[in-house]
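Enquirer: sharing a model that was predicted from the sequence below.
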Amino acid sequence: MNLEKAKLINGYILDPELEWLASTARKSTAILELGAFLGKSTRVLCDNTKGTVCSIDLWEQTEGGLIATFPEVYKEFIDNLRDHLIAQKLSFYKATTDYAISLLKNEGRKFDFIFIDADHRYEQVKKDILGSMELLSQGGIISGHDYNWEGVKQAVDEIFPKFNLHSNIWWVQ
């Protein structure tokens, strides 16, 4: 497992969660990430898959979001992932998750691992889960971070009668 570079990036993913992401990425060849921020999770996904990662983020503040200077955050994301961008292992959409998901559907894209960590409000989490499920390959894994957040928990509990939990990462296969 390759965690070293990801651990150097600021973010809210704990080490056991990084390990789970790395382990799951190692078994995946087409990964979709909703919500990237500075790229900590993106880094661990790229560093551990033999395939490619597609990441979606607005890099703009939303209601209830973190206070940050988002042009600087976006630049730091690019700096943190430059090698994977150059190698064409990472592609990204600087867009809303709704818009990017619709583009990916129109392109006929499918992913065997989807990780959701974008807007944490109930309605948007629900839309992100339901929209991205249409992009999930048969037998793939859909997952997300921050199950302890009220909006995330409500959406996950409503959509999935049974799911797995690893630290604050929920997942279903």
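Expert: Great, that's in hand. Numbers count the residues shown, from 1 in each chain.

Enquirer: what does the worst-scoring helix or strand of the chain on mean pLDDT contact?
Expert: Ranked by mean pLDDT, DSSP states H and E, the helix or strand of the chain with the weakest confidence is helix 70-86, at a mean of 91. The contact list for helix 70-86 (C-beta atoms under 8 Å, 6 or more residues apart in numbering) reads 9, 36-40, 42-43, 46, 53, 57, 59-61, 90, 94. Every C-beta, even on glycine, is put in place using the N, C-alpha and C of the backbone.

Enquirer: for these, work out which two are farthest apart.
Expert: Farthest pair in those (C-beta to C-beta) is C46 and Q61. Separation: 25.1 Å.

Enquirer: check contacts around the closest residue to L81 other than its chain neighbours.
Expert: Distances taken as C-beta to C-beta, 6 or more residues apart in numbering place G39 nearest to L81, at 5.1 Å, with adjacent residues excluded. By C-beta under 8 Å, 6+ apart, the contact list for G39 reads 9, 11, 55, 76-77, 80-81.

Enquirer: closest one of those residues to D128?
Expert: For those, the nearest to D128 is S55 (13.5 Å; C-beta to C-beta).

Enquirer: helix, strand, or coil at the closest one?
Expert: strand (DSSP: H, G, I helix; E, B strand; the rest coil).

Enquirer: ok, it touching K94?
Expert: No: with contact defined as C-beta atoms under 8 Å, S55 does not reach K94; the gap is 9.7 Å.
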